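Chemist: Sequence and predicted model, in that order:
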Amino acid sequence: MRHDAVYSAATEAAVDWLVTLSSGEVSDAERQGFARWLEADPRHRPAWEQLQSPLQHLLAPLRPVGGDGLLSDTLA
């Protein structure tokens, strides 16, 4: 498999995790699955960070003062 194809698969999985974790109905099992996914392959964390970094900037005005809440906990 080509490097860009694997990276694209990691990015696609990161998008799937973002949707799941932002749903507002995240179970402990899903959070644990996300943590396992991050550690399962060295390409997963960079894919997540590449996706999450711009979103942090865009969503900052929507966060409550103090950063409390599911979204900040999920995307941190």
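Modeler: Thanks, I have it.

Chemist: Identify the residues contacting the lengthiest helix in the chain?
Modeler: Using DSSP state H, we find that the single longest helix of the chain is helix 3-21. Residues from elsewhere that reach helix 3-21 (Cβ atoms under 8 Å, 6 or more residues apart in numbering): 26, 30-31, 34, 37, 41, 43-44, 46-48, 50-52, 55, 74-75. (C-beta placed from N, C-alpha, C; glycine too.)

Chemist: Any chance of a ChimeraX selection covering the buried ones in those?
Modeler: The following ChimeraX line selects those of the contacts of helix 3-21 that are buried, judged by 16 or more other Cβ atoms under 10 Å:
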select :34,37,43,44,47,48,51,52,74,75
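
Chemist: Take the contacts of helix 3-21 and keep only those in helices.
Modeler: Under the assignment DSSP H, the contacts of helix 3-21 contribute 30-31, 34, 37, 44, 46-48, 50-52, 55, 74-75 to helices.

Chemist: where in the chain is pLDDT low?
Modeler: 1-7, 57, 59-60, 62-76 (pLDDT under 70).

Chemist: mind redoing it with 50?
Modeler: Counting by pLDDT under 50, the chain has no low-confidence residues at all.

Chemist: Skipping adjacent residues, who's closest to residue 41 in space?
Modeler: Spatially, and ignoring its direct neighbours in sequence, residue 41 is nearest to residue 10 (6.8 Å; Cβ to Cβ, 6 or more residues apart in numbering).
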